[in-house]
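In: Fold the following for me, if possible:
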Amino acid sequence: MSQGTPIEVVEIAHLTQITPFVPCTSMDRQIGFYRNVLGFGLGFQAENYAFLRRDAVAVRLVEVDGTVDLSVRDRQGSFYVDVEGLDAVYADMRPTLATLPEGRVRAPFDQPYGQREFHVADEDCTLIFFGEAI
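Out: Below you'll find the model as predicted:
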């Protein structure tokens with residue numbers, strides 16, 4: 001064996017996931033929504049914090065004072081979930097989405113910017129966009 005120059009191992013850094021913090025006024029109600037309606041699993045829960053995941057997508061719920069009105073437009077949040085097989089994801093969620101009050105779900109439709117999407121509002125009016133490239 002010859003002793004040559006040692007091989008330098010270069011570690012490549014890359015981003016792997018974004019996990020939004022989602023404020024909520026009732027931890028139990030919001031956990032129920034993400035678990036029972038959207039099919040997320042509860043990974044961890046503390047008094048005012050919960051971590052939920054479905055596949056590679058996760059959310060971090062943070063409970064805020066119950067007197068805070070999160071439906072006020074200036075406080076509304078949103079996040080986008082990229083999916084594969086949007087219509088199949090919607091079909092999977094459709095029975096539980098149908099239990100939500102009118103106006104909280106927008107069925108799949110094509111956007112002019114080349115995405116097919118459906119939208120869901122959670123218990124505190126955070127808008128969740130599900131979409132995939134057409």
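
In: Residues in contact with the helix or strand hosting residue 79: which ones?
Out: Using DSSP states H and E, residue 79 sits within strand 78-82. Applying C-beta atoms under 8 Å, 6 or more residues apart in numbering, the set of residues contacting strand 78-82 from outside is 20, 22, 57, 59, 126, 127, 128, 129, 130, 131, 132. Where you see a C-beta, it was placed from the backbone N, CA and C, and this is true even at glycine.

In: and with 6 Å instead?
Out: Around strand 78-82, the neighbours that count as contacts under C-beta atoms under 6 Å, 6 or more residues apart in numbering are 20, 57, 127, 129, 130.

In: For the closest residue in space to the first one that isn't next to it in sequence, give the beta-bridge partners.
Out: Excluding its sequence neighbours, the residue lying closest to residue 20 (C-beta to C-beta, 6 or more residues apart in numbering) is residue 79, at 4.5 Å. According to DSSP bridges, the partner residues bridging residue 79 are residue 128.
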